[in-house]
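In: can you look at this prediction? I've put the sequence above it.
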Amino acid sequence: MFPSAIRGEGVYVWDAEGKRYLDFSGSAAVNFIGHGVTEVSASMAEQAAQLEFVHSSQFTTPMAEEYAQELLEFAGENFRGGSVYFTCGGSESVETALKLARQYQVEIGETRRYRVLSREQSYHGSTLGALAVSGNKRRREIYLPMVREFAHLGFPYCYRCNYDCTDGCQNCGQQYAEELERAIKASNGEAAAFILEPVSGATLGAAVPPGGYLKNVAEICRRHGVLLIADEVMTGMGRTGRNFAVEYWDVAPDILVSAKGLSSGYAPLGAVIASRKVTDAIAAGSGSFLHGFTYNAHPISVAAGRAVLRLIETRKLVQAADSQQAGSAGANLRRTLEELRALPTIGDVRGIGLLWGVEFVADKESKQPYPPELNFAARVGQSALERGLLVYPMQGCVDGISGDHLLIAPPAVITAQQIAWAVEQLRNAIQAAASSVGSPV
């Protein structure tokens, strides 16, 4: 049975028994600004006192219009003149993006295009459309009879690369991109879009793509008339040390999906940010997007999101997350997590900004994973929980079943002292889990 959480402040959460936990995973990579920030709850209360809800088929609201414009500015030059479609979370946003890609193709006369290509070892959400383009085997397998399947491609995962990584993963990036080229050609003109996580989320544990890969992918999509959808539900809103992770590789997606850090968990909120190309095609065609949810652009949720965006900007939290900036929280986290590599059970430490993965192995030299039935990551997670540390354990990074890792994604307000304490507790938790299965510590 889970503990009952009753209060949060900064990087900490307290349960009903008074025990304090350091939220080293940002509540599933959601909380970016810290818990208990009163400016956000005050903005929500102010909006609720004025107007709690109207349906988007009848009204828009000043809050939604102003926040959408600010979010387009935050997303960068590629989205100037574009549009924002607000939802209640990541799964709804991905579902929306898939439909938007299909309608775009219909509007421009490409009615044969409906297939959405994606990658293995990915996760895009729990609705059936989002699940269809996901590659997380454990979360998909029992629902497969219910979903429409399209091609799933390989994912650049340099610790366990399918290609030759002796050149620092430059060559494999090109080879993984070529898988997309072949899949588009094999679709016989039916490919509408390609969806990807710029940096992998929980399924692979913050695997960062090799240089050149995303640029090649974007060029292949452009050349074949296929829309590029960047799923930045986990990586967006500053988490990786950029406003959105695609900025590291100077890639301009046609559609960008955001959630999690969008409201930092203060209210259910997601967004689909469409480029002007997509927006104009629909405006010049049917004139409306054939899609909708009851709580689109919910006034209280968008008030939360707008307040969070202002805090991200005024408190310079994107810069704080930047692991390439000396003295930042991101740099401190990277440096301190790297010290775990010396443990015999640590196979890889990878990531960027404030999104990191720690992969466990039974044998360091061969990279042999632990048997799935041991659920080693969960053992580490439970041991960490007992020590007052919250992490995000996952299985399946090797082949969808075997392979254990943790996702680390703390709020950007975390201090160097808090990072040092958290990594020390994590070290102790890993050693305790290793002892419980008879591994060297």
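Out: Yes, it's here.
In: just for the chain, where's the confidence low?
Out: Low-confidence regions of the chain, defined by pLDDT under 70, span residues 164-170.
In: so where do the helices sit in it?
Out: 26-29, 38-50, 62-75, 90-107, 128-133, 137-140, 170-186, 213-224, 276-284, 299-314, 317-321, 329-338, 376-386, 416-436 (DSSP state H).
In: mind putting those helices into TSV with mean neighbour count?
Out: All C-beta atoms are positioned from the backbone trio N, CA, C, and that covers glycine. Formatted as TSV, these follow (neighbours: other Cβ atoms under 10 Å):
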stretch	mean neighbour count
helix 26-29	22
helix 38-50	15
helix 62-75	18
helix 90-107	25
helix 128-133	22
helix 137-140	16
helix 170-186	18
helix 213-224	19
helix 276-284	17
helix 299-314	23
helix 317-321	24
helix 329-338	20
helix 376-386	21
helix 416-436	18
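In: ok, which of these comes nearest Ala5?
Out: With respect to Ala5, and counting by Cβ to Cβ, the nearest of the helices of the chain is helix 26-29 at 9.4 Å.
In: for the helices of the chain, which one sits closest to Asp231?
Out: Put simply, out of those the one that sits nearest Asp231 is helix 90-107, at 6.3 Å, with distance taken as Cβ to Cβ.
In: could you dump the helices of the chain to JSON lines with distance to Cys161?
Out: Output for these, formatted as JSON lines (distance: least, Cβ to Cβ, whole Å):
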{"stretch": "helix 26-29", "distance to Cys161": "24"}
{"stretch": "helix 38-50", "distance to Cys161": "42"}
{"stretch": "helix 62-75", "distance to Cys161": "31"}
{"stretch": "helix 90-107", "distance to Cys161": "27"}
{"stretch": "helix 128-133", "distance to Cys161": "23"}
{"stretch": "helix 137-140", "distance to Cys161": "19"}
{"stretch": "helix 170-186", "distance to Cys161": "5"}
{"stretch": "helix 213-224", "distance to Cys161": "12"}
{"stretch": "helix 276-284", "distance to Cys161": "34"}
{"stretch": "helix 299-314", "distance to Cys161": "34"}
{"stretch": "helix 317-321", "distance to Cys161": "27"}
{"stretch": "helix 329-338", "distance to Cys161": "20"}
{"stretch": "helix 376-386", "distance to Cys161": "22"}
{"stretch": "helix 416-436", "distance to Cys161": "25"}
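In: out of the ones you listed, which gets nearest to Leu153?
Out: Scanning the helices of the chain with Cβ to Cβ as the criterion, the closest one proves to be helix 170-186, at 4.5 Å.
In: closest one to Val84 among the helices of the chain?
Out: Between Val84 and the helices of the chain, the shortest separation by Cβ to Cβ is 3.9 Å, and it involves helix 62-75.
In: give me the helices and strands touching the closest one, please.
Out: In this structure, helix 62-75 makes packing contacts with strand 83-87, strand 270-274, helix 299-314, judged by 3 or more Cβ pairs under 8 Å, 6 or more residues apart in numbering; DSSP states H and E.
In: got a markdown table for those, with distance to Ala259 too?
Out: Conversion of these to a markdown table gives the following (distance: least, Cβ to Cβ, whole Å):
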| stretch | distance to Ala259 |
| --- | --- |
| strand 83-87 | 8 |
| strand 270-274 | 4 |
| helix 299-314 | 10 |
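In: how close does Pro268 sit to Leu72?
Out: Counting by Cβ to Cβ, to the nearest Å, the gap from Pro268 to Leu72 is 21 Å.
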